[in-house]
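Undergrad: Here is a sequence with its predicted model. Questions after.
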Amino acid sequence: MRTVMTAMAMTLMLAGCGGEKRREKQAAADAKAADFVPPSVTSRLDFGSAMERRFRTLDRNGDDMIDQTELPRRNARIKLLDRNGDGKVSAIEFSEGQLARFDRMDLNHDGTVTSEEQEAARQGRLDPTPLPSATPTPTAGR
């Protein structure tokens, strides 16, 4: 009986020695899980729909234009989308500019932007494709 009790005591002592390492591993796994961001893939169509909703949210008066009073802040990047320089961003200017941004983020040009491509865009490693030109594209049949 004494041998059994001694063996159990030794087992418990050995189990206690590894407990700290297990807690450290668990803490590291918990920290990694807390920072986890699932990978994402956004299609051009989904991005365009999201940008359309964004435009409608910004266009508070519903005139299909975003003017100075509707900009989120004075020096917003949205101003860069004003191709004709009238001080307003039309729905077309906004859509074309945002889709050009999507195309620059789509590094492998497969029609989707992955979370890795989004991160590359945030890091400033975009394809230097310019925004659409200010000159309107001629329409066929006119």
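TA: That came in fine, so what should we check first?

Undergrad: mind listing the helices for this protein?
TA: 2-34, 44-58, 91-105, 115-122 (DSSP state H).

Undergrad: okay, the ones you listed, which one's buried deepest?
TA: helix 91-105 (a mean of 18; mean count of other Cβ atoms under 10 Å). The C-beta positions use only the backbone N, C-alpha and C, and glycine is treated the same way.

Undergrad: What is that helix packed up against?
TA: Helix 91-105 is packed against helix 44-58, helix 115-122, with contacts defined by 3 or more Cβ pairs under 8 Å, 6 or more residues apart in numbering; DSSP states H and E.

Undergrad: could you redo the last one with a cut-off of 6 Å?
TA: When contacts are defined as 3 or more Cβ pairs under 6 Å, 6 or more residues apart in numbering; DSSP states H and E, helix 91-105 packs onto helix 44-58.

Undergrad: mean confidence score for the helix it packs on?
TA: Average pLDDT, helix 44-58: 94.

Undergrad: that older thread, Throw the helices of the chain into TSV and include distance to Arg83, thanks.
TA: Listed next are the helices of the chain as TSV, based on distance: least, Cβ to Cβ, whole Å:
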stretch	distance to Arg83
helix 2-34	43
helix 44-58	15
helix 91-105	5
helix 115-122	21
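
Undergrad: looking at those helices, which one has the lowest mean pLDDT?
TA: In terms of average pLDDT, helix 2-34 trails the rest of the helices of the chain, at a mean of 68.

Undergrad: now the residue nearest to the spatial centre of the chain, nearest residue through space, not along the chain?
TA: Taking Cα atoms, centre = their mean, the centroid of the chain lies closest to Gln118, which sits 5.4 Å from it. Nearest-residue entry for Gln118: Met105, 6.3 Å, with adjacent residues in sequence omitted and distances by Cβ to Cβ, 6 or more residues apart in numbering.
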